[in-house]
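Peer 1: what follows is a predicted protein model with its sequence.
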Amino acid sequence: MTALDRRLAVLGGLAGLGGCAAQPTRPKTGLAVEDVPPPLAPVRAHKDRLFDITVCLRPFRAQGPRLDTEMLGDTLVVHNYGHGGSGWSLSWGSAEIAVGKAMARGPREIAVIGCGALGLTAAITAQRAGAAVTIYCKDLLQQARSARATGGWTPDSRIALTSAAGPQFGALWEQMARTSWKTYRSYLGLPGDPVRFSDRYNLSDIPFAEAHEKAESLNTMGFAGYMDRIADITAKPQELPPGATPFPVAHVRRSETLQFNIHDYGHQLLMDFYAMGGKVERREFHAPAEMGQLREKVVINCTGYGARALWKDDSIVPVRGQIAWLIPQPEVNYGFFYRDVSVLSRSDGIVVQALEGGDLKGYNDDHEVVDRGEADRAVAVIEELYSRFT
C-alpha cells in the first residue's frame, strides 16, 4: 500500500466514524439546536460598581425632526434636528435628506453646526457628495449630548406624536430608517465593534399581552410607532419556553438588534471625517445671524436640543434621560429589559436605565442633573433578579 493509499484509508475511516458519531439532538426546551440561547454571564449589579451617572436632554418635536430650509441673507440653512430618542438610529437617513437639500445649490464648501450624531453623519455624507466640510461646534462629540445616549437601535423612540406628525410622516421615517440601517452595514466588524448585533431579552412576570396593554395605557400622548414598516429587515422576537434561559421569570422573549458602542463608533466617525480632509473649529453661536457670517454659504444646522435656545424653537420639548454606568464586563454580551429597567452591555460600560412611566419618563423635564437615588433603585432591580438565578 502506498503512502497515498494509507492516507486515503485513514480519511475514509474518519468519515465512517463521523457517520456513527452522536448527532445534535433537539434540546429538552423544544427549541431547535440553533435557537438555544448561549450561556449568559450574570451582570455584577452592585451599587458600589457604579462608576458614572450621566444625564442628557433629548430634543423631541411632536411633528418629527425639522428638515426644512431657510435663508439668512445669502446663506442657505438646512435644518437637521429634533429626533427625540432616535438621533443615532436615524442619523444617516436624516443626513441624506439634509445633504440632498444642501447640495442642490452645488456648493464647494459646506458648514455643519454641531458635532453630535447628526452633525458628524451629515458632515461625512456631505464629504461623500463632493463638498469640503468644516464642523463648527461648541463641544466635540465626547462632550456633546449625543455621547450620553444609550447606544441602542431605537429609530422610533419618541420621534413624533401620531396626531401631530400626520400620515405622511411614516413614509419619510421609513426612508430614514432604511437608509441608516443599510449604512450601518459598513460599520459592522470593524476593530472595537463600533456597531454590532446583540441579543436582547424582554423579561416579564406577567403574559406579554398584559404587559403590552399596560405599556399602551401609559402612552397617553400618542407617541408614534413605525417599526412595522421595516419588519422585513429586522429580526422577529422569539418567545422562549420555560427553562431555555437562566432568567427566573415566567415569560422571556429574545430578539436581535443593532447597538452602537458610542465611544468606538464616535472615534471611527471622527477618523473618517478627518481622513477626507474635514476640519473642526470650536465656536459657539449665540444667534442665527452669526451663521450668515461664515465663509460657507450653505450651512447644515445640527444643533440638537441647543436649537431650542439658538433658534427660539419652542417646538422642541426636552426629554430627560439618565444612564447609570456599571463597570464593563466583556463576558456580558447581551441586554435585557425587566420591571421598567433597561440594561445594555457596551465595551465602555454596562448601561442601566430606569424607564418607569414608559415614553413619558423624563418628558418636558429639563433638569440635566444626576439623580443618584434613581440609579441605585435601578441597579437594585437587577441585583434582585440575579439573586434568584439557579
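Peer 2: Done, it's in. Note that the coordinates shown come from a computational prediction; the quantities given were computed from them, not determined experimentally.

Peer 1: where do the helices sit along the stretch 1-150 of the chain?
Peer 2: For the stretch 1-150 of the chain, the helices defined by DSSP state H, counting those that start in this stretch occupy 3-20, 87-103, 117-128.

Peer 1: check these for me: which has the lowest mean pLDDT.
Peer 2: Note on the helices of the stretch 1-150 of the chain: lowest mean pLDDT is at helix 3-20, with a mean of 39.

Peer 1: which parts of stretch 122-132 are buried?
Peer 2: A122, A123, I124, T125, A126, Q127, A129, A131 (16 or more other CB atoms under 10 Å). Any C-beta I mention is one placed from the backbone N, CA and C, and that applies to glycine too.

Peer 1: so how far is that stretch from its chain's centroid?
Peer 2: Relative to the mean C-alpha coordinate of its chain, stretch 122-132 is positioned 23 Å out (CA atoms, centre = their mean, to the nearest Å).

Peer 1: same question for stretch 278-291.
Peer 2: Centroid displacement of stretch 278-291 relative to its chain, using CA atoms, centre = their mean, is 27 Å.

Peer 1: need the contact partners of it.
Peer 2: With contacts defined as CB atoms under 8 Å, 6 or more residues apart in numbering, stretch 278-291 is touched by 72, 75, 77, 111, 113, 115, 123-124, 127, 133-138, 140, 273, 299, 301, 303, 310-311.

Peer 1: how does it look with 7 Å?
Peer 2: 72, 75, 77, 113, 115, 123, 127, 133-138, 299, 310-311 (CB atoms under 7 Å, 6 or more residues apart in numbering).

Peer 1: any buried residues in that stretch, and which?
Peer 2: G278, V280, F285, P288, M291.

Peer 1: how about JSON lines for those, with secondary structure added?
Peer 2: Below are these laid out as JSON lines (DSSP: H, G, I helix; E, B strand; the rest coil):
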{"residue": "G278", "secondary structure": "coil"}
{"residue": "V280", "secondary structure": "strand"}
{"residue": "F285", "secondary structure": "coil"}
{"residue": "P288", "secondary structure": "helix"}
{"residue": "M291", "secondary structure": "helix"}
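
Peer 1: return the member of the residues you listed nearest to I233.
Peer 2: Comparing these against I233 with CB to CB places G278 closest, at 30.2 Å.

Peer 1: per-residue confidence for that closest one?
Peer 2: pLDDT, read off for G278, is 98.

Peer 1: now M271
Peer 2: M271 carries a pLDDT value of 96.

Peer 1: tell me the helices and strands packed up against the helix or strand encompassing it.
Peer 2: Under the criterion of DSSP states H and E, M271 resides in helix 262-275. If you count contacts as 3 or more CB pairs under 7 Å, 6 or more residues apart in numbering; DSSP states H and E, helix 262-275 packs onto helix 117-128.

Peer 1: list the contacts of the helix it packs on.
Peer 2: Outside helix 117-128, the residues within contact range by CB under 7 Å, 6+ apart are 80-81, 83, 87-88, 91-92, 94-96, 98-99, 102, 110, 112, 133, 135, 137, 141, 146, 269, 272-273, 276, 278, 300, 302, 304.

Peer 1: any quick ChimeraX command for the buried ones out of these?
Peer 2: Entered in ChimeraX, the line below selects the buried ones among those, by 16+ other CB under 10 Å:
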select :80,81,83,87,88,91,92,94,95,96,98,99,102,110,112,133,135,137,141,146,269,272,273,278,300,302,304
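
Peer 1: from S180, how far off is the residue most central in space within the chain?
Peer 2: In the chain, the residue lying closest to the centroid (CA atoms, centre = their mean) is G152, at 3.0 Å. As judged by CB to CB, to the nearest Å, G152 and S180 stand 13 Å apart.
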